[in-house]
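K.L.:
got a predicted structure plus its sequence, pasted below:
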Amino acid sequence: MRAAILVAALTLAACKPSEETRLKVIIGATLIDGSGGPPMSRSVIIVAGSRVRATGTQAATPIPAGSDKFDGSGRFAAPLPVTLSENFRIPEVSNLAEMRRKVDDGVNVLAGVPADTEEFDAALLQKLRNLRVVFFPRLARLSPGESLDRARRNTKRLAAAGILIAAAGDSAREWELLAEAGLSPMEILLAVTRNAAAGVGKGEEAGLIAPGRPANLVLLSANPLEDARNLAKAEKVMRDGEWVSH
């Protein structure tokens with residue numbers, strides 16, 4: 001009996017959450033989770049350790065007792081924009097023939113879009129979509145003029161065809177040019193989160209706020225679905241479940 005009590009006590013001690021895994025709960029923010037779906041107002045985001053445990057509405061999601069609570073009312077929760085490492089090299093393209101050749105060679109992440117023509121046939125667009133090729137247009141690297149104008153139109157054409165457009169999460173000028181190309185604020189948000197994560201090979205770990213995913217998110221003071229530039233208005237940043245300075 002004494003041995004059984006000791007085993008039970010040790011088991012309970014092992015199961016007791018430590019301070020390192022203390023739950024954090026963000027309450028009341030409008031959640032834009034990076035999936036492309038509609039935002040969730042008055043949300044609850046529960047973080048355990050370095051990962052998201054649960055998301056839901058305040059009405060349907062119980063707040064765990066003893067958790068660290070943060071009032072997100074009036075703010076917008078979005079995935080942490082994905083930045084590109086200086087060591088990450090993406091094959092570049094500037095014309096249609098070059099793009100076709102690289103895609104035929106198996107390249108599925110490209111920097112730039114063709115700026116020599118606007119002739120994209122339906123078969124090519126379907127191929128790019130089926131292969132889930134990711135384009136980082138890098139419009140900010142082009143000088144004003146005909147090439148930039150054509151690249152913007154081609155970026156819009158690719159996006160309209162359901163092809164993944166991505167952008168570095170630390171290039172506000174690129175976001176502005178994507179907006180000028182005709183991409184919606186939601187498309188730009190997805191470009192710097194979900195699509196960028198897919199482009200750098202982190203599609204399963206970054207770019208989405210969902211149960212089981214790493215808790216990497218920003219709380220914004222203004223709605224990024226009204227103006228993509230609001231993505232730069234971060235009040236709080238969480239990396240791997242911890243609030244960090246930014």
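P.N.:
Ah, there it is. Keep in mind it's a predicted model, so treat the numbers as computed, not measured.

K.L.:
show me what residue 25 is bridged to.
P.N.:
Counting by DSSP bridges, residue 25 is bridged to residue 46, residue 69.

K.L.:
which ones are touching it?
P.N.:
By CB atoms under 8 Å, 6 or more residues apart in numbering, residue 25 lies in contact with 44-47, 63-64, 67-70. All C-beta atoms are positioned from the backbone trio N, CA, C, and that covers glycine.

K.L.:
just checking, residue 51 touches residue 238?
P.N.:
No - using CB atoms under 8 Å, residue 51 is not in contact with residue 238; the gap is 11.2 Å.

K.L.:
compare those two (neighbour count), which wins?
P.N.:
residue 238 (24 against 15; other CB atoms under 10 Å).

K.L.:
mind listing the helices for this structure?
P.N.:
All helices of the chain, identified by DSSP state H, fall at 2-15, 96-104, 122-130, 146-160, 172-181, 185-192, 194-199.

K.L.:
turn those into TSV, columns for mean pLDDT, distance to residue 75 and mean neighbour count.
P.N.:
Shown next, in TSV, are these (pLDDT from 0 to 100; distance: least, CB to CB, whole Å; neighbours: other CB atoms under 10 Å):
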stretch	mean pLDDT	distance to residue 75	mean neighbour count
helix 2-15	42	34	9
helix 96-104	96	40	15
helix 122-130	96	35	14
helix 146-160	96	28	18
helix 172-181	95	20	20
helix 185-192	97	15	24
helix 194-199	96	20	25
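
K.L.:
residue 90: which of these is closest?
P.N.:
Smallest distance to residue 90 across those (CB to CB): 7.5 Å, for helix 194-199.

K.L.:
for the residue nearest the centre of the chain, list the residues it contacts.
P.N.:
With distances taken as CA atoms, centre = their mean, residue 193 lies nearest the centre of the chain, 1.8 Å away. Residue 193 makes contact with 34, 78-82, 169, 206-208, according to CB under 8 Å, 6+ apart.
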